[in-house]
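Enquirer: this one's structure only:
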């Protein structure tokens with residue numbers, strides 16, 4: 001739902017409350033939907049994938065980084081959706097294993113999703129999820145094409161890299177593990193390239209990065225509120 005997300009964020013200022021997004025989508029029909037029912041469905045799905053609420057730290061950070069870099073927006077949206085949608089997340093390994101130029105085998109996505117739900121979804125629902133997942137990976141830039149989808153490499157930006165490293169931090173990763181994490185693998189770049197992107201993110205004021213003896217330390221104090229830092233430190 002990248003176009004819908006982009007339109008909603010364009011319509012609402014960065015400090016907008018949760019209710020402002022609902023008003024823009026339902027009352028002002030900023031997404032251009034034909035019926036009230038499709039407006040409600042779009043709002044529901046956007047909330048499921050992204051939150052649309054500044055009280056949710058993940059959405060607050062998405063919104064902040066969205067303003068920082070236009071070219072990184074598709075990957076920022078994908079990383080947020082992966083963090084919130086376990087079905088989409090179950091397909092990530094299939095995409096990450098593909099070589100550049102390799103055609104997507106739909107059955108691999110089907111098997112990955114079916115394996116993650118353990119029979120809780122009907123085959124028709126799994127098929128729908130497969131279509132949606134393939135579309136999501138196409139919108140992020142990992143795949144290209146319509147009927148025949150082929151793998152291509154994405155190019156992360158400093159803001160995207162900062163977001164991926166922060167997600168790794170939030171899930172318990174530390175040190176150089178940031179650059180080998182699930183979230184880093186989504187970015188199609190070797191660890192040394194991501195280290196350089198992190199240094200560029202420091203220059204943009206997004207991270208604090210230090211290097212010493214081959215060890216890279218990353219601090220997220222510039223992105224996180226004191227309460228968010230306290231919650232993360234208390235959890236891990």
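Expert: That came through, no problem. Bear in mind that the values here come from a model prediction, so they are computed numbers and not experimental data.
Enquirer: Grab the most central residue of the protein for me.
Expert: Geometric centre of the chain, nearest residue: residue 79, 1.5 Å, by C-alpha atoms, centre = their mean.
Enquirer: what's the closest non-adjacent residue to that one?
Expert: residue 163 (5.5 Å; C-beta to C-beta, 6 or more residues apart in numbering). All C-beta atoms are positioned from the backbone trio N, CA, C, and that covers glycine.
Enquirer: Next up, identify which helix or strand the one you found is on.
Expert: helix 158-170 (DSSP states H and E).
Enquirer: what comes up buried for the helix or strand following that helix?
Expert: Downstream of helix 158-170, the next assigned helix or strand under DSSP H and E is helix 182-185. Judged by neighbour count using 16 or more other C-beta atoms under 10 Å, the buried positions of helix 182-185 are 182, 183, 184, 185.
Enquirer: For the helix holding residue 163, list every residue counted as buried.
Expert: Buried-residue list, helix 158-170, by 16+ other C-beta under 10 Å: 158-170.
Enquirer: In contact with the residue nearest to residue 79: list those residues for me.
Expert: 61, 62, 65, 76, 79 (C-beta atoms under 8 Å, 6 or more residues apart in numbering).
Enquirer: Tell me the one among the residues you listed nearest to residue 49.
Expert: residue 62 (10.4 Å; C-beta to C-beta).
Enquirer: What strand or helix carries that closest one?
Expert: Here residue 62 is assigned to helix 57-68, by DSSP H and E.
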